[in-house]
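In: Mind looking at a prediction? Sequence and model below.
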Amino acid sequence: MGLERNCYKALLTLAYQSFGVAYGELCTSPLYVYKSTFVRKLHYHRNEDAVLGILSLIFWTLTLIPILQYAIFVLSAQDNGEGGTFALYSLLCRHANLSLLPNQQMIDAELSTYKLEENDQRQRAKSAKCFIEGHKSVCRVLLIAVLLGTCMVIGDGVLTPAISVLSSISGLQVVFPVFPDHMVAVISCIILVCLFAVQHFGTHKISFLFAPIVLTWILCIGLIGIYNICHWNPRVLQALSPFYIYRFFNYAGRESFIALGGILLCITGTEAMYADLGHFTQSSLRIGFTIIVYPCLILAYCGQAAFLSKNLSDVHLSFYKCIPKQVFWPVFFLGTFASIAGSQAVISATFSVIKQCHALGCFPRVKIVHTSKQMAGQIYIPEINWILMLLCLAVTMGFRDTTAIGDAYGIAAITVMLVTTCLMSLIIVVVWHRSILLALCFFIFFGAIQGIFFSASLFKVSEGGWVPLVLAFLFMTVMYVWHYGTLKKYQFDIQNKVSMKWILTLGPSLGIVRVPGIGLIYTHLVSGVPSIFSHFVTNLPAFHQVLVFVCIKSVPVPFVPPEERYLIGRIGPKEYRMYRCIVRYGYKDLLMNDIDFENQLILNISEFINSERELICAPSSSERSGSDQMAVFGVPDGAGLRMMPSISNDDELQTLSMPSSKSPSLLSFQALSEIEPAQPRRRVRFELPKNFDAAPTSVRDELMELMEAREAGIAYILGHSYVKAKKNSSFLKKLAVDIGYSFLRKNCRGPSVALSIPHICLIEVGMIYYV
């Protein structure tokens with residue numbers, strides 16, 4: 001009984017916390033829906049029948065899309081607790097081979113977060129899977145659809161703060177009728193600048209009051225709605241009947257169809273509820289939405305309709321004019337804070353979706369700052385933050401009108417929903433193994449509704465709807481060009497791998513001097529030796545005694561457990577001292593810093609050396625590719641080397657007994673030139689276990705050599721590649737590779753910065769890729 005009570009308490013706590021994140025955008029829509037609907041020639045049809053018809057459309061739209069489609073169906077499609085467009089795409093990638101980048105391995109399917117549902121695949125599911133996998137054009141279309149949805153989410157990050165804050169500040173014109181529009185825009189811009197300026201503090205530090213603010217706002221607009229219904233026109237409740245929709249279309253004709261572009265604004269923010277699933281649970285979101293948010297929104301829209309039915313000339317500021325004068329100022333300030341909360345949630349979602357794009361290999365390298373050690377999903381991207389701010393200010397000052405911004409906002413929101421509907425239709429068949437007929441019914445029913453709204457939005461392209469289309473085109477171009485260049489570079493590496501026969505002919509010394517130390521050679525290949533290695537051998541006079549080919553790979557799961565993160569293998573015979581390390585991250589994982597990575601790498605290689613004599617090449621524990629034998633490691637158990645913390649209080653002794661990853665000469669150079677700022681480093685030393693005397697001599701010698709190499713220092717070796725199109729390539733390919741991809745590579749963050757590689761330990765060798 002006590003456990004059950006605690007479960008209910010935790011569920012209600014999550015439902016309460018969800019108000020500050022998941023519903024801010026959805027609950028500020030009453031500020032501008034009616035104003036955005038009564039536009040163009042419908043302005044001349046302002047009467048009680050039109051108001052009731054629009055209310056009926058709002059009611060059924062809120063019922064069919066957020067409640068029926070999202071709360072019941074879409075929230076059930078979760079990827080290890082994560083939601084959003086990328087979660088759906090990740091599910092599809094795991095159940096069908098959709099990835100265009102061929103770096104996935106069979107052993108990835110054994111991740112605990114990767115494992116598929118144990119469900120017999122029906123013939124129709126197998127047929128759909130085979131069809132998708134057999135047609136790369138279908139995979140490419142799905143990727144473009146996901147990128148389109150991502151671009152529209154970025155567009156939401158520009159438009160939501162603009163329309164929400166501008167709508168809330170426009171309430172000043174109710175109290176001060178002569179207050180000019182440009183001053184409303186200026187005040188809105190000041191608030192927006194402050195909002196974007198504090199993003200680097202992190203959502204967890206600036207949104208601790210959002211849950212009570214948004215919850216109070218939702219209850220407030222619901223109560224005001226009840227007051228307006230009782231005070232102005234209780235008959236508006238009759239509009240919940242779909243008969244009034246028929247009357248509205250019959251009465252207004254073509255203008256009623258165009259009005260759908262404004263009505264769809266009542267469901268903006270629905271996708272955000274699904275995207276924030278990772279912070280909460282399905283049950284908590286369903287409880288919060290169905291019990292509080294949905295009823296209060298319906299009451300708020302009914303209250304505005306009751307007010308408008310008796311005050312048809314006040315459409316422009318209907319929300320604030322229907323507020324009783326006694327509570328105007330509290331509601332005004334509450335609405336302003338609620339709009340800021342909704343904007344904050346969308347900005348955070350934009351950061352998250354761009355990080356996911358980057359993990360998929362579809363976005364240039366940017367600086368990703370994790371603002372919370374407790375919450376893995378809280379990130380901040382400086383470049384994107386300031387780009388969003390500039391675009392948001394340009395939209396606010398350029399339009400200065402929520403109607404025009406609403407036209408743009410509607411297209412962005414409905415496009416994301418259409419993408420979700422398409423992906424959900426595939427999820428029903430490929431992942432859930434349900435009937436194709438059920439998937440078709442889902443797609444036709446919800447796709448038709450959203451298609452009608454999308455068609456109505458297209459009539460408003462010339463009035464502001466062009467903004468998300470232009471933004472989507474620009475971001476889509478950047479994403480696709482980056483993904484295309486990355487794919488071509490990877491294919492070049494696969495086709496030009498160094499043969500193991502050539503390496504064996506060089507001998508254990510590789511034909512050059514092997515000096516003390518560890519060399520980490522970064523590559524994108526998960527098997528074989530990259531062509532750039534031969535470039536290293538021919539250009540460098542000496543190489544480290546221990547070489548590790550490191551591949552940082554993203555797998556289609558949100559998180560990879562630490563104990564399953566590393567795949568360790570050997571390249572060539574033992575005396576070559578060449579290893580392969582594949583480090584797997586999910587699309588929401590946090591990359592380790594250089595110190596933690598170095599220590600974990602050494603420990604896991606030592607575990608591999610110790611366990612190699614007992615390793616059995618079975619599919620459940622290893623994978624063979626050519627000469628590579630890969631084994632899963634993560635949290636070392638002390639069977640190999642052990643990492644001991646520093647216990648000395650003497651700084652000089654500590655430096656000598658617990659060496660840094662940098663050699664003494666490099667450390668001296670760093671101290672003199674001050675290239676890197678002094679940072680507290682965790683001093684550690686490695687030692688063999690006390691009971692290791694019984695180990696074979698070869699294992700002890702290899703581990704001792706690994707320890708000596710670690711003490712000598714670690715160098716990070718990267719290829720500074722230049723990608724160019726072949727001379728016989730088409731004009732479009734040359735444009736994409738030679739101009740587009742090269743421009744993005746030169747102006748984004750370098751690999752060493754993205755991987756947190758210390759510059760003092762970095763070696764780069766140039767190489768040209770002709771793709």
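Out: Thanks, I have the structure now. Numbers count the residues shown, from 1 in each chain.
In: Chain neighbours aside, what residue packs nearest to Glu702?
Out: Of all residues not flanking Glu702 in the chain, Ile609 sits nearest, at 5.2 Å (C-beta to C-beta, 6 or more residues apart in numbering). Any C-beta I mention is one placed from the backbone N, CA and C, and that applies to glycine too.
In: Please apply the same query to Val214.
Out: Phe19 (4.5 Å).
In: dump the residue contacts of the residue nearest to Glu702.
Out: Gly640, Val699, Glu702, Leu703, Leu706 (C-beta atoms under 8 Å, 6 or more residues apart in numbering).
In: still on that earlier bit, from Ala712, how far off is the residue nearest to Val214?
Out: Phe19 sits 56 Å away from Ala712 when distances are taken as C-beta to C-beta, to the nearest Å.
In: For those two, indicate the residue with more neighbours.
Out: Phe19 (24 against 18; other C-beta atoms under 10 Å).
In: For the more buried one, give me phi and psi.
Out: Here is the backbone geometry of Phe19 (degrees, to the nearest 10): phi -60, psi -30.
In: Mind pulling up the pLDDT for it?
Out: Note on Phe19: pLDDT of 87.
In: Would you check that it makes contact with Leu209?
Out: No - look at Phe19 against Leu209 with C-beta atoms under 8 Å: they stay out of range, at 11.3 Å.
In: Of all the helices and strands in this structure, which has the lowest average confidence?
Out: Every helix and strand of the chain was ranked by mean pLDDT, DSSP states H and E. The lowest is helix 651-657, at a mean of 35.
In: Low-confidence regions, the stretch 401-550 of the chain specifically.
Out: Within the stretch 401-550 of the chain, not a single segment meets pLDDT under 70.
In: which residues in it form helices?
Out: Remark: helices assigned in the stretch 401-550 of the chain by DSSP state H, counting those that start in this stretch are 402-426, 436-458, 466-495, 500-506, 532-539.
In: Can you say which of those helices is packed in most?
Out: helix 402-426 (a mean of 25; mean count of other C-beta atoms under 10 Å).
In: which helices and strands sit right next to that helix?
Out: Contact here means 3 or more C-beta pairs under 8 Å, 6 or more residues apart in numbering; DSSP states H and E; on that basis helix 402-426 packs against helix 33-37, helix 85-95, helix 136-169, helix 260-263, helix 270-275, helix 382-399, helix 436-458, helix 466-495.
In: which outside residues touch the shortest one?
Out: The set of residues external to helix 260-263 that reach it, using C-beta under 8 Å, 6+ apart, is 33-39, 54, 57-58, 61, 406-407, 410, 452-453, 456-457, 459-460, 465.
In: Report the secondary structure state of Pro295.
Out: Classification of Pro295 by DSSP: H, G, I helix; E, B strand; the rest coil places it in helix.
In: Would you mind confirming that it makes contact with Gly225?
Out: No - Pro295 is beyond contact range of Gly225, at 9.7 Å (criterion: C-beta under 8 Å).
In: quick check: mean pLDDT across stretch 106-116?
Out: pLDDT averaged over stretch 106-116 gives 75.
In: ok, now how distant is the closest residue to Ile405 other than its chain neighbours from Val153?
Out: Nearest residue to Ile405 in three dimensions, chain neighbours excluded: Ile163, at 4.4 Å (C-beta to C-beta, 6+ apart). Ile163 sits 15 Å away from Val153, going by C-beta to C-beta.
In: Tell me where the stretch 101-250 of the chain has helices.
Out: Counting by DSSP H, counting those that start in this stretch, the helices of the stretch 101-250 of the chain are 123-134, 136-169, 172-175, 181-197, 203-206, 210-231, 243-252.
In: Could you identify which of those is most buried?
Out: Of the helices of the stretch 101-250 of the chain, helix 136-169 is the most buried (mean count of other C-beta under 10 Å), at a mean of 24.
In: How far does that helix sit from its chain's centre?
Out: Helix 136-169 sits 12 Å away from the centroid of its parent chain (C-alpha atoms, centre = their mean, to the nearest Å).
In: quick one, what contacts the closest residue to Leu388 other than its chain neighbours?
Out: Nearest residue to Leu388 in three dimensions, chain neighbours excluded: Gly157, at 5.2 Å (C-beta to C-beta, 6+ apart). Contacts here follow C-beta under 8 Å, 6+ apart; on that basis Gly157 touches Val346, Ile347, Ala349, Thr350, Leu388.
In: Would you double-check that Gly361 falls in a helix?
Out: No - counting by three-state DSSP, Gly361 is not found in a helix; it is coil.
In: who does the lengthiest strand in the chain pair up with?
Out: Longest strand in the chain by number of residues (criterion: DSSP state E): strand 542-554. As defined by DSSP bridges, the strand partners of strand 542-554 come to strand 513-522 (parallel), strand 578-585 (parallel).
In: element containing the spatially most central residue of the chain, please.
Out: Against the mean C-alpha coordinate of the chain, by C-alpha atoms, centre = their mean, the closest residue is Val353 at 2.6 Å. Per DSSP states H and E, Val353 falls inside helix 328-359.
In: Would you mind pulling the contact partners of the next helix-or-strand element following that helix?
Out: Sequence order places strand 369-370 as the next helix or strand after helix 328-359, per DSSP H and E. Contact with strand 369-370 is made by His200, Ala376, Gln378, Ile379, Tyr380, Ile381, Pro382, Leu590, as judged by C-beta under 8 Å, 6+ apart.
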